[in-house]
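> quick one: sequence plus predicted model below, questions after.
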Amino acid sequence: MERRTYGNTGMEVSVLGFGGSEIGRGVSQSDVDKLLGSAIDEGLNIIDTAECYGDSEELIGKAISHRRDDFYLFTKCGHAAGVDGPDWDPRTLAETIDRSLKRLQVDHVDMIHLHSCSEEVLRQGAVIEVLQRAKKDGKTRFIGYSGDTTDALYAVRTDVFDSLETSLNIADQEIIDLALPEAVKRNMGVTVKRPIANAAWLFDTVNPDEYAYAYWNRLRDLSYGFLSQDDSIGTALRFTLSTPGVHTAIVGTTKPTRWHDNAKLLEAGPLPEEQYREIRDRWKAVAPADWTGRG
């Protein structure tokens with residue numbers, strides 16, 4: 001598994017990471033044990049979760065906290081998610097960070113991202129101070145911002161964050177021209193969420209209330225030729241990881257063998273420049289201004 005240096009942090013991260021949102025919705029501990037244990041054995045070393053992903057943090061803690069030196073651990077904060085207080089309140093934020101450490105069964109994480117925080121809240125400064133204090137107190141090694149659109153651009157330009165976590169895929173390319181160049185300029189670590197656009201093109205129909213619906217609609221208009229090919233998921237994932245400035249892509253799954261399957265898709269290497277450019281050119285030709293990043 002290829003590894004890339006994560007910006008200024010010095011962390012050497014696997015290009016394929018694991019996103020913990022899906023396991024927080026009714027997945028058994030035994031399945032999580034198998035999924036993460038086997039993936040780490042095969043080269044996974046970056047695991048991303050959040051305080052609002054159901055049981056995700058607890059499941060991860062029980063599964064692999066005893067292997068703490070084998071992986072980098074990222075979590076996110078900002079939503080009260082069961083704590084008595086409003087979202088983005090500094091005391092609530094600090095409380096959820098401590099709860100995350102307890103759930104994950106660790107004394108520190110490698111990264112805490114602010115989770116889809118608006119520019120308006122960022123400008124007030126208090127949430128940033130909470131993360132800076134957590135870093136000073138040794139609860140996290142680095143701090144980052146997770147989000148999209150102009151909120152992400154503002155966050156990057158504050159020059160206080162070590163990492164940007166953002167949406168980027170064949171159906172979600174706004175960030176490539178908006179905030180990614182600014183992150184590259186600052187040598188920030190960049191984690192991509194939703195790197196295969198929820199594989200929305202594989203479904204005949206998607207309900208309008210499902211998250212993948214926007215991607216499904218966009219992809220009908222984009223009509224990429226490769227979507228009908230057997231290796232379409234591999235092409236989509238390789239596109240994301242071939243974007244300059246991207247260090248790792250986190251894919252969520254509940255299936256114990258899925259991380260291995262996705263890792264096999266990356267053995268083909270970076271997407272050929274011509275094919276990458278075709279996908280970018282198609283996006284620029286078709287995407288209207290309101291196809292913004294999917295936070």
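It's in.

> strands of the chain, start to end?
Secondary structure of the chain (DSSP state E): strands at 3-5, 12-14, 16-19, 46-48, 72-77, 109-115, 140-146, 163-167, 189-193, 248-252.

> tabulate the ones you listed (CSV), appending mean pLDDT and mean neighbour count.
All C-beta atoms are positioned from the backbone trio N, CA, C, and that covers glycine. Shown next, in CSV, are the strands of the chain (pLDDT from 0 to 100; neighbours: other Cβ atoms under 10 Å):
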stretch, mean pLDDT, mean neighbour count
strand 3-5, 98, 15
strand 12-14, 98, 21
strand 16-19, 98, 26
strand 46-48, 98, 26
strand 72-77, 97, 27
strand 109-115, 97, 26
strand 140-146, 98, 24
strand 163-167, 98, 28
strand 189-193, 98, 27
strand 248-252, 96, 24
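
> out of those strands, nearest to Tyr215?
strand 163-167 (9.8 Å; Cβ to Cβ).

> what angle do strand 109-115 and that closest one make with each other?
50 degrees (axes from the mean of the first three to the mean of the last three Cα atoms, to 10 degrees).

> how far away is Asp70 from Gly189?
19 Å (Cβ to Cβ, to the nearest Å).

> let me have the strands of the chain in CSV, adding distance to Arg25 as columns.
CSV is the format used below for the strands of the chain (distance: least, Cβ to Cβ, whole Å):
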stretch, distance to Arg25
strand 3-5, 30
strand 12-14, 24
strand 16-19, 13
strand 46-48, 16
strand 72-77, 16
strand 109-115, 17
strand 140-146, 19
strand 163-167, 20
strand 189-193, 16
strand 248-252, 10
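
> and the ones you listed: which comes nearest Arg99?
Nearest to Arg99, of all the strands of the chain, is strand 72-77, at 9.4 Å by Cβ to Cβ.

> and the angle for that closest one with strand 163-167?
70 degrees.

> quick one: strands adjacent to strand 72-77?
strand 46-48 (parallel), strand 109-115 (parallel) (DSSP bridges).

> ranges for the helices of this protein?
Remark: helices assigned in the chain by DSSP state H are 29-41, 56-64, 90-104, 119-124, 126-136, 149-157, 174-178, 180-185, 213-222, 232-241, 258-265, 273-286.

> buried sites along stretch 205-218?
Neighbour counts over stretch 205-218 (16 or more other Cβ atoms under 10 Å) mark Val206, Ala212, Tyr213, Ala214, Tyr215, Trp216, Arg218 as buried.
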